[in-house]
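**Q** Just to be clear, the model below is a prediction. Sequence and coordinates:
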Amino acid sequence: MPRQTRTWKQRCVLALNIGLAVTCLIAAGGIGWAYNEASALPRIDVSAALSAPVPAGEPENILLVGIDDGMGLDSNDPVLTGRSATLNTDTIMILRVDPNNQKAAMVSLPRDLYVNLAGGGKGRINEALALGGPQRLIETIKQDFNIPINHYAMVNFAGFRSVVAAVGGVPIYFQYPSRDQWTGLFQYDPGCVTLDGDQALAYARSRHFEIQRTRNRWQEDPSSDFGRIKRQQEFIRAALRKAVSKGARNPFVLRDLLSFAQKSVTLDTSFSIQSLVDLGAQFRSFDPDSLVTYTPPADGTMVGAMSVLLLQESAAQPIFDIFRGTAPIIDPTAPTTTVPGPGPSTTITPGSTVAPSTTIPPSTTTTLGDFVPQTPQGGTCL
């Protein structure tokens, strides 16, 4: 029996990020019309800020930004309630892809992280885009964290909802009745729920996530943005699994994705369609559950009247080393060995090379708990 080939949905490594679907749109490079349609994606020239391109097949970093400008939404859309008119980053993630080793990792940068802004001044990292556009955000990340950025992709609220609708919704397992009255998330029936575009967006944006363990008593997630980031990361895996589960190549879904992308996704001018097609082909056997996610540790504090997060510099370095290319992407499912030494212990994954002074970081700063909906062990939610 001939081996079944991977579908275009199984080649999605960037797809359904917290609103960033890129490779899904063009991984079906063999379909001429899809290639041509993808070529019409909006572009932005940030080449002056990007790091030097890497040879084909080598690891590279892609800055993924979800913005809350509300472009493409009706003026009465509830999503716009309380939003400013400036271009703000609602989500900032760096995706590192290593095609040769079939590995991918993602680090989420909290939007309230207090940093030195490129060009002068200090502020929350999400202010960089509002004050100086994508170029200033890229330069701020390179300056503060010494992480190269090879490509840039951005999506807005309307695009997020459209891509969720295009794949038929994203299933999330709620252990308890859950809500966020700020974003409009209302899920009162526990169990596996397929979120539509509106509820998926409300879930992904939730910073005041509440659960009801006991009748008439709601409890809010005390971790605020860290909990939101962890829910976003789990949402990505759920969305990727849903895309894979849809099965055979479906040109109608691809058409919908391309239609939304032309209105809502912006790529840097150097991110060629052929590069995206090649990346999708290289990751055709990528398992969504093997995506490794990180959140740099930070502490909450006040700077004047502003609530911010201060990076735990020393603890964050092992995470950033992975995205700098000085440490490997570690598969969390692989066996590990801890080697004692005079300094911090060294965790080594078979087949990888790690400097003796390197400590492989935890993948998140928070653990999975009641405030991060998850499928029970041994269960399914598709």
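**A** Yep, that arrived.

**Q** And for the residue nearest to L258 when sequence neighbours are not counted, the neighbour number?
**A** Once flanking residues are discounted, L258 sits nearest to E37: 4.4 Å by CB to CB, 6 or more residues apart in numbering. The way it works is simple: take the backbone N, C-alpha and C, and place the C-beta from them, glycine included. Using other CB atoms under 10 Å, E37 has 20 neighbouring residues.

**Q** where does E37 land on pLDDT?
**A** E37 is assigned a predicted lDDT (pLDDT) of 72.

**Q** Distance of it relative to I273?
**A** In this view, E37 and I273 are 10 Å apart by CB to CB, to the nearest Å.

**Q** can you give me phi and psi for L63?
**A** For L63, the backbone dihedrals (degrees, to the nearest 10) come out as phi -80, psi 120.

**Q** right, I mislabeled it, should have said Q317
**A** Main-chain torsions, Q317, degrees, to the nearest 10: phi -60, psi -40.

**Q** same question, Q312
**A** Per degrees, to the nearest 10, the backbone of Q312 is at phi -80, psi 90.

**Q** again with P148
**A** The phi/psi pair for P148 (degrees, to the nearest 10) reads phi -70, psi 140.

**Q** and the residue lying closest to R43 once chain neighbours are set aside, what is it in contact with?
**A** In space, and not counting its chain neighbours, R43 is closest to T269: 4.8 Å by CB to CB, 6+ apart. Residues in contact with T269 (CB atoms under 8 Å, 6 or more residues apart in numbering) are R43, I44, D45, V46, S47.

**Q** Show me what the strand ranked longest in the chain is packed up against.
**A** Secondary structure assigned by DSSP state E gives strand 89-98 as the longest strand of the chain. Taking 3 or more CB pairs under 8 Å, 6 or more residues apart in numbering; DSSP states H and E as contact, the helices and strands that strand 89-98 lies on are strand 60-67, strand 103-108, helix 127-145, helix 313-324.

**Q** wait, which of the ones you listed is closest to D189?
**A** Among the helices and strands packed on strand 89-98, strand 60-67 comes nearest to D189, with 27.6 Å by CB to CB.

**Q** Distance from that closest one to the middle of the chain?
**A** Taking CA atoms, centre = their mean, to the nearest Å, the mean C-alpha location of strand 60-67 is offset from the chain mean by 8 Å.

**Q** Show the pLDDT at N17.
**A** Here, the pLDDT recorded for N17 equals 46.

**Q** nope, F271 is what I was after
**A** Here the pLDDT value assigned to F271 is 89.

**Q** Please spell out which residues along the longest strand of the chain are buried.
**A** Applying a neighbour-count criterion of 16 or more other CB atoms under 10 Å, one finds T89, D90, T91, I92, M93, I94, L95, R96, V97, D98 buried in strand 89-98.

**Q** hmm, which two among these are most spread apart?
**A** Farthest-apart pair in the buried residues of strand 89-98 is D90 and D98; separation 27.2 Å (CB to CB).

**Q** Do a quick rundown of the strands in the stretch 101-250 of the chain.
**A** 103-108, 114-116, 122-124, 151-155, 170-174, 178-180, 185-187, 191-195, 210-214, 217-220 (DSSP state E, counting those that start in this stretch).

**Q** same deal with the stretch 251-382 of the chain?
**A** For the stretch 251-382 of the chain, the strands defined by DSSP E, counting those that start in this stretch cover 265-268, 292-294, 298-303, 306-311, 337-339, 346-348.

**Q** contacting residues around N100?
**A** Neighbouring residues of N100 by CB under 8 Å, 6+ apart: G57, E58, P59.

**Q** any chance of those in TSV, plus pLDDT and distance to E210?
**A** Output for the contacts of N100, formatted as TSV (pLDDT from 0 to 100; distance: CB to CB, whole Å):
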residue	pLDDT	distance to E210
G57	87	46
E58	93	44
P59	95	39
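
**Q** Emit the PyMOL select command for whichever of these are buried.
**A** Filtering the contacts of N100 down to the buried ones (16+ other CB under 10 Å) takes a single PyMOL command:
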select buried, resi 59
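
**Q** which one of the contacts of N100 is nearest S285?
**A** When the contacts of N100 are compared against S285 (criterion: CB to CB), the nearest one is G57, at 15.3 Å.

**Q** The closest one: what's it in contact with?
**A** G57 is in contact with P99, N100, Q282, counting by CB under 8 Å, 6+ apart.

**Q** Surely the last one is in contact with P99?
**A** Yes: A contact is recorded between Q282 and P99 when judged using CB atoms under 8 Å, the distance being 3.9 Å.

**Q** Would you map the helices across the stretch 151-300 of the chain?
**A** 157-166, 197-204, 225-245, 251-264, 273-282 (DSSP state H, counting those that start in this stretch).

**Q** Any idea which of those helices gets closest to V115?
**A** Checking the helices of the stretch 151-300 of the chain against V115 by CB to CB gives helix 225-245 as the closest, at 14.7 Å.

**Q** how much does that closest one deviate in direction from helix 197-204?
**A** In terms of direction (axes from the mean of the first three to the mean of the last three CA atoms, to 10 degrees), helix 225-245 departs from helix 197-204 by 140 degrees.

**Q** Taking strand 103-108 as reference, get the angle to helix 225-245.
**A** Using the same axes, to 10 degrees: helix 225-245 against strand 103-108 is 150 degrees.

**Q** buried residues in helix 225-245?
**A** Neighbour-count burial for helix 225-245 flags 225-244 (criterion: 16+ other CB under 10 Å).

**Q** quick one, what contacts D112?
**A** D112 sits next to R124, I125, N126, D225, S307, V308, L309 when contact means CB under 8 Å, 6+ apart.

**Q** Kindly reformat the contacts of G57 as TSV and extend each row with pLDDT and distance to L131.
**A** As requested, the contacts of G57 are exported to TSV (pLDDT from 0 to 100; distance: CB to CB, whole Å):
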residue	pLDDT	distance to L131
P99	88	35
N100	87	38
Q282	75	36
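
**Q** Closest one of these to V170?
**A** Closest approach to V170 among the contacts of G57 (CB to CB): Q282, at 25.0 Å.
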